[in-house]
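Visitor: take this sequence and fold it.
(one chain, ligands or ions: 1)
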Amino acid sequence: MVSIPCSYSIAARLPRISFYGETHLPFLFPQTRVPKRRYISGRVTAAGPSSSSAGPLDGRPLPRTLFPGGFKRPEISIPSLVLRVSAEEVLGGDGFCSEVDAAVSRGVGIVVLDFGEPRGGGRIYEAACLLKTVLEDRAHLLIAERVDVAAAVGASGIVLSDHGIPAIVARNMMSKSKSDTVFLPIVARAVHNTLSAEHAANCDGADFLILNNESDNKVMLEESFTQHVKVPILFSPQSPGDSLSVDLVPQLLKSGASGIVMSLDNFKLFNDDLLKMFSTNVIAGFTNLDEKEINLLEAESHLLQEAVATIQKAAPMMNEIALLVDASSRLKEPFLMVIVGEFNSGKSTVINALLGRKYLKDGVVPTTNEITLLCYSEADSTKQEQCKRNPDGQFVCYLSAPILKNMNLVDTPGTNVILQRQQRLTEEFIPRADLILFVISSDRPLTESEVTFLRYVQQWKKKVVFVLNKLDLYQNASELEEATGFVKENAQKLLNTGDVRLYPVSSRSALEAKLSALNSNVQNNEEILSSDPRWLTSKFYELEQFLFSFLDGSSDTGMERMKLKLETPIVIAERLIDSCERLVKQQHGDACRDLISIKEVVNSVNVLAMKMENESLSWKKKALSMIETAKDQAVKLTEFTLQLSNIDLIATYAFKREKSASIPATTTLQDKIIGPSISDIQMLLGEYSMWLHSSTAHEGELCVQFLQRQSNELLNSGDSIQSNASLPEEEEELSKNVMEKFSANAAAKLYEQEIREVVLGTFGGLGAAGLSASLLTSVLPTTLEDLLALAFCSAGGFLAISTFPARRKVAVEKVRRVADGLAREVEEAMQQDLFQSIRRLNNFVEFSSKPYQDAARQRISHLQEIQADLATFRQKLEDLKVEIQNLHLVP
Ligand SMILES: Nc1nc2c(ncn2[C@@H]2O[C@H](COP(=O)(O)OP(=O)(O)OP(=O)(O)O)[C@@H](O)[C@H]2O)c(=O)[nH]1
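Guide: Residues are numbered from 1 along each chain as shown. Just a heads-up that it's a prediction; the model follows:
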């Protein structure tokens, strides 16, 4: 067991990193907003270019992700505390879940749900759902055996038994069901003997093993076995139901166990000292810091915690926050130098030469298809040096090479490999690096893929040191000069800096020289090395000199190391804040547009009012023309009735004086003119009323629909805004009432009265003028001329009849006036009905839009607050950067 374990595994409780955008990433794929609808003149149309769906305000699409797309392995802290619970216990109540909750807050990183008894799938599912709620994202939930249940509840993974399905099958089954996550499911294998342990580790592809059989536990204590199995082995040192001897725990960890699996009862036996063994151990990254530096480290730690809170508030869905959490937790850890380069450029040889031994070839490191972290072990024999593969796929090697005392090295897969996954692993690691050693092969200096990769590195503002490896391939000095000039010039352009460090080396020669010096068995082999021509021609010492000066805190480069280390999380924070600012700016723009859209909805009632007013003109015109037609008919009837030749009438009123009898004109007026006209107009007004109602109701409906669509976007949650407003139900009645009040019978009576008055007023006095009733009776049935002739016979008669046309005109005028009055009344009532409808709609829209307007305003001010917070925070980071840059200045 190495004495100082490395801690390069993000604690399971941290929020998950989502690096890739193949699947749905809420933050990186800013939530796909339903295309905004613009609400104009009562019609809903697709939004124009100002629509929020068009992406950020500058019109360019937001970057899909900080990294290219793909899946990522979940990360588990090692050593790990694992709780094993049964469905029975979980569903049994009695505060069991609260105790699990407490255990997680005390450091349990994984909870395994066993099916126990009874074995019904429903019970397990129920228990898994309950556990998931208890654990939230603080610990991984693994389900024993039941891939279906694990997939259904969205568990982090599965624990397969010795004889269970192959790990790859389980992983695929779960991956398919978890298409919305970028994390691969965890697949652990419970094994009962060393044989199956070896098989699972080497062939099965399980992420870690749980050794269940207590009789075999002692086998695990043997070094040969732990050396052999390259995946973490977690011990389950007791049979279910047995109590765990806690004294065993330190011994198990020392023997190479990567964690302990236990029941809740056993966990309760763990005291704080024991729990400390499971907390991440940190190697002091900086020694001999003066007070100013210590203060700066503390200040930065606090500021980064604040940054995490600010970013989480601004963009709760931003999974990349884990990068910052991770980087800030590593602030006090050793300087991290990441070696990158194309496949076969000589990265491993450079590392071996730095380490002074062939660590990366003699089997200690199994592959460069994964990230390999090399950190220091105080082991005094190479036997204790070992490599382990963490469940996240990363190899961690503990080596005793002196250079690792103050600097961790990371070997990465080549960047131009065919398998994109390897390239992605390297890309993922870049933000964590404090310094990048970029190894270029002399036979292909600065290829296209290297240029692309450098551009990516530049995004993270990393300090890059170039190694032009395989120097021995150059024929002469001028070739070398040409190559270094080319690389420097282009690197300067790419990294936008005049300060490009480039070390042409032959790492193979350097390694060979170091190995011969090592094998010379001489106590002080430095002399042998410095006299070795391979060492001299390798020029490797120049690179080493630079790196060692990095390790010396008192030198300028040592100070630079401190600065770079301090700046690593700041750069990540800045990038995340950039993304947050873009996102919040977009959200703010959206919210402003939302408010404008809502106001547009309210204002659209005015547009609709104008439109309806225009349309109502044609309704009015129709109604008035109906009245006009009736009027014309009534006028004609009056004129016809009040003719001298229409002697029947005169006879009836003037001479027969049958007051009670109705004249035919009255009946005609009532039955043929007024009656049908009234019912026609009433029908028209009924339709008008319906038109008003349906137009406003339709508009109201559209408005409600629009506002409801806004709801989710405004609230940014699943809630919806409740509005108590209801659409106007009743139809407008004023115009209909006017016509209902207008009685055909009453009008006919009035008409008759008028006719009567005209006739009586004209002819009622003729008898007094001396006309004899008999003469009149014999003459009157003849012609008008006769009558006129008779009238000429009597001055009095003539005078009376001569007033007839004027009286008739008055009667006609009266008929006209009545009709015109009715027309005016109807027109006014129609207008009132229109106003009333619009008023109702207006009230409804204003009332129902109010909660939405309030929500939009609240959201705008909330986003403005966040923008202000981010700006303040950016300033704080700037100030801190200045302080870091001024570190070298004597106070
Ligand atoms: N001529 C010459 N060959 C070298 C030198 N350094 C490494 N090589 C050779 O280059 C080949 C690749 O070296 P590695 O160190 O495995 O390269 P790598 O970049 O780690 O390769 P991957 O891990 O596969 O990406 C090996 O055959 C080395 O012997 C050197 O300085 N000169």
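
Visitor: for A401, give me phi and psi.
Guide: phi -70, psi 130 (degrees, to the nearest 10).

Visitor: my read: it touches Y376, true?
Guide: Yes - the pair formed by A401 and Y376 meets the contact definition of Cβ atoms under 8 Å, at 7.4 Å. Bear in mind the C-beta positions are built from the backbone N, C-alpha and C, glycine included.

Visitor: what about the two, which has more around it?
Guide: Y376 (23 against 19; other Cβ atoms under 10 Å).

Visitor: which residue packs closest to the more buried one, ignoring adjacent ones?
Guide: Spatial nearest neighbour of Y376, chain neighbours left out: L404 (3.8 Å); criterion: Cβ to Cβ, 6 or more residues apart in numbering.

Visitor: can you give me the neighbour number for that neighbour?
Guide: 21.

Visitor: for it, helix, strand, or coil?
Guide: When classified by DSSP: H, G, I helix; E, B strand; the rest coil, L404 comes out as helix.

Visitor: quick check, pLDDT for it.
Guide: At L404, the model reports a pLDDT of 87.

Visitor: same check on the one 4 residues further on?
Guide: pLDDT for N408: 89.

Visitor: note down every partner strand of the helix or strand that contains it and its orientation.
Guide: Element membership for N408 (DSSP states H and E) is strand 407-411. Applying DSSP bridges, strand 407-411 is found paired with strand 335-341 (parallel), strand 372-376 (antiparallel).

Visitor: is there proximity between that strand and the ligand?
Guide: No - between strand 407-411 and the ligand, judged by Cβ under 6 Å from any ligand atom, nothing touches; the nearest distance is 7.2 Å.

Visitor: got a list of contacts for that strand?
Guide: 6, 8, 333-339, 347-348, 351, 354-355, 360, 365, 368, 371-376, 403, 429, 433, 547, 550-551 (Cβ atoms under 8 Å, 6 or more residues apart in numbering).

Visitor: how about stretch 466-476?
Guide: Looking at what lies outside stretch 466-476 - Cβ under 8 Å, 6+ apart - the contacts are 341, 345-346, 349-350, 437-443, 445, 480, 483-484, 487, 491, 500-509, 537-539, 543.

Visitor: mind checking the end-to-end distance for that stretch?
Guide: 20 Å (Cα to Cα, to the nearest Å).

Visitor: up against the ligand, what does the stretch 301-450 of the chain have?
Guide: G341, F343, N344, S345, G346, K347, S348, T349, T368, G414.

Visitor: show me just the buried residues among those.
Guide: G341, F343, S345, G346, K347, S348, T349, T368, G414 (16 or more other Cβ atoms under 10 Å).

Visitor: now, these that are in strands?
Guide: G341 (DSSP state E).

Visitor: off-centre distance for stretch 700-708?
Guide: 24 Å (Cα atoms, centre = their mean, to the nearest Å).

Visitor: let me fix that, I meant to ask about stretch 694-709.
Guide: On Cα atoms, centre = their mean, the centre of stretch 694-709 falls 27 Å from the chain's centre.

Visitor: in that stretch, what counts as buried?
Guide: Quick answer for stretch 694-709 (16+ other Cβ under 10 Å): S695, T696, A697, E699, G700, L702, C703, V704, F706, L707.

Visitor: show me what the helix or strand hosting the last one is packed up against.
Guide: What it means is L707. Assigned by DSSP H and E, L707 belongs to helix 675-715. Counting contacts by 3 or more Cβ pairs under 8 Å, 6 or more residues apart in numbering; DSSP states H and E, helix 675-715 packs against strand 37-40, strand 43-46, helix 556-641, helix 734-741, helix 804-885.

Visitor: show me what the fourth one is packed against.
Guide: With contacts defined as 3+ Cβ pairs under 8 Å, 6+ apart, the secondary structure elements packing on helix 734-741 are helix 675-715, helix 804-885.

Visitor: export those helices as CSV, with columns for mean pLDDT.
Guide: Shown next, in CSV, are the helices and strands packed on helix 734-741 (pLDDT from 0 to 100):
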stretch, mean pLDDT
helix 675-715, 83
helix 804-885, 88
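
Visitor: show me what stretch 671-689 is in contact with.
Guide: 616, 619, 622-623, 626-627, 629-630, 633-634, 637, 731-733, 735-736, 738-740, 742, 744, 747-748, 826, 830, 833.

Visitor: could you break the chain into its assigned domains?
Guide: 80-278, 333-524, 592-715+731-767+790-879 (the TED database).

Visitor: what's the span of the longest one, first residue to last?
Guide: Read that as domain 592-715+731-767+790-879. OK, domain 592-715+731-767+790-879 end separation, Cα to Cα: 32 Å.

Visitor: tell me how far it is from the chain's mean position?
Guide: 53 Å.

Visitor: kindly report the same for the shortest one.
Guide: Here domain 333-524 shows a centroid-to-chain-centroid distance of 39 Å under the convention Cα atoms, centre = their mean.

Visitor: quick one: terminal-to-terminal distance for that domain?
Guide: 31 Å.

Visitor: returning to what we had before: adding distance to the ligand, write the helices and strands packed on helix 734-741 out as TSV.
Guide: Below are those laid out as TSV (distance: least, Cβ to the nearest ligand atom, whole Å):
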stretch	distance to the ligand
helix 675-715	48
helix 804-885	33
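
Visitor: could you dump those to JSON lines with distance to L81?
Guide: JSON lines is the format used below for the helices and strands packed on helix 734-741 (distance: least, Cβ to Cβ, whole Å):
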{"stretch": "helix 675-715", "distance to L81": "39"}
{"stretch": "helix 804-885", "distance to L81": "35"}
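
Visitor: the helix or strand hosting V308 to helix 804-885, inter-axis angle?
Guide: V308 is located in helix 291-314, with elements delineated by DSSP H and E. Helix 291-314 and helix 804-885 are oriented at 160 degrees to each other (axes from the mean of the first three to the mean of the last three Cα atoms, to 10 degrees).

Visitor: just give me how far helix 291-314 sits from the chain centre.
Guide: 27 Å.

Visitor: helices or strands up against that helix?
Guide: Using 3+ Cβ pairs under 8 Å, 6+ apart, helix 291-314 sits against helix 321-329, helix 556-641, helix 804-885.

Visitor: what angle do the second one and strand 407-411 make?
Guide: Just to be clear, that refers to helix 556-641. Helix 556-641 runs at 60 degrees relative to strand 407-411, counting by the same axes, to 10 degrees.

Visitor: kindly report the same for the first one.
Guide: Relative orientation of helix 321-329 with respect to strand 407-411: 150 degrees, computed using the same axes, to 10 degrees.
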